[in-house]
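Colleague: sequence first, predicted model second:
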Amino acid sequence: MSMFQGTYTALFTPMNPNSRVKKEFSVDYAGFEKLLKYQINWGVDGLVVLGTTAETPQLDTREKNRLVKTAKESIAESDRDVKLIIGTGDINPYTARDNTWRAYEAGANAAMVVVPYYVKPNTAGLIKSFEMLAEIPIPIIIYNVPGRTGRGITIEEYKELVQIPNIFGVKEASGNIDHIDRVINEIKNPMIAKGREFSVLSGDDGLTFKVMQAGGDGVISVISNVVPRQVKALTDAMHAGDISKAEEINKMLAGLAELAFIDSNPVPIKYIGMRMGLIKHDCCRLPLSYMAKEKGTIANRFLVNFLSGNYSRTA
């Protein structure tokens, strides 16, 4: 009774240094296509385009449209059933509504909508912002990430939000496993008992195992940009009930999950992707920049061990 299960990669946006354009870096569409094929070939269940990891606020409309088009084409060319989720949230709920209509028109399987950030909406404003999306016939995944928005979603607010007919899940990036456990037991399970599909997806790679142990459905993952096979193996093992195998994979990936957030996302994961040869450059657009030298030293030391099979933690 969960529409979204397994591993969904929150794709980063490869970029190239290019001083001839107004922006410091141009989107590397060939690199993005390569990343898409890498994900699809290693069996991920879905792709998330234009999320936080994509540097979406730093992309213009033309770039966003081309990234979505490229993702759709890569999925269509494959022989796999890969879901496409498009991030459509915005500080302005009316812009979020327009973005969500475009996601529907693009044929996405779902729109991921973040809580309006910076303004810290009160409860009434939060509910109304999501109610505006009810007319759009596309499944909505709420994105709860208080560390970026400035406010989280309470259990009582969730109980109101899930009354909106096209809300089918949540990406929980609160980092609070007790809160996520309540979301599963007080929101998801009652919804399923009523015959309504609802998914709880981890928004933190370091908590995926615990979230799924508690009854969650999978992960919208940052580290699966670079290790899609391993993250997929983790969620598959959990769904198969092979807890010992899942725990072993989780321990193997724990250090990488830590490293991916040693600096602001997606700075570290792009660096890791470059070191692994998945992309040419690790550049991010302002206000993000390259990792500080000391953090790069930590990353290099870890990656030497990780890539040689020594999956030690970064600490």
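Modeller: On my side now, so go ahead.
Colleague: show me where the stretch 201-315 of the chain has helices.
Modeller: 208-213, 228-240, 243-259, 267-275, 293-307 (DSSP state H, counting those that start in this stretch).
Colleague: any chance of a markdown table for the ones you listed, columns distance to residue 184?
Modeller: Where C-beta positions appear, they are placed from N, C-alpha and C, glycine not excepted. Shown next, in a markdown table, are these (distance: least, Cβ to Cβ, whole Å):
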| stretch | distance to residue 184 |
| --- | --- |
| helix 208-213 | 8 |
| helix 228-240 | 14 |
| helix 243-259 | 17 |
| helix 267-275 | 27 |
| helix 293-307 | 31 |
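Colleague: reformat the ones you listed as a markdown table; add mean neighbour count.
Modeller: Formatted as a markdown table, those follow (neighbours: other Cβ atoms under 10 Å):
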| stretch | mean neighbour count |
| --- | --- |
| helix 208-213 | 22 |
| helix 228-240 | 21 |
| helix 243-259 | 18 |
| helix 267-275 | 23 |
| helix 293-307 | 15 |
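Colleague: a markdown table for those helices, including mean pLDDT?
Modeller: Shown next, in a markdown table, are the helices of the stretch 201-315 of the chain (pLDDT from 0 to 100):
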| stretch | mean pLDDT |
| --- | --- |
| helix 208-213 | 98 |
| helix 228-240 | 98 |
| helix 243-259 | 96 |
| helix 267-275 | 96 |
| helix 293-307 | 90 |
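Colleague: for the ones you listed, which one sits closest to residue 66?
Modeller: Ranking these by their distance to residue 66 (criterion: Cβ to Cβ) puts helix 267-275 first, at 19.1 Å.
Colleague: separation between residue 228 and residue 60?
Modeller: Distance, residue 228 to residue 60, using Cβ to Cβ, to the nearest Å: 28 Å.
Colleague: rewinding a little: among the helices of the stretch 201-315 of the chain, which is nearest residue 9?
Modeller: Distance to residue 9, taken as Cβ to Cβ, is lowest for helix 228-240 among the helices of the stretch 201-315 of the chain, at 6.2 Å.
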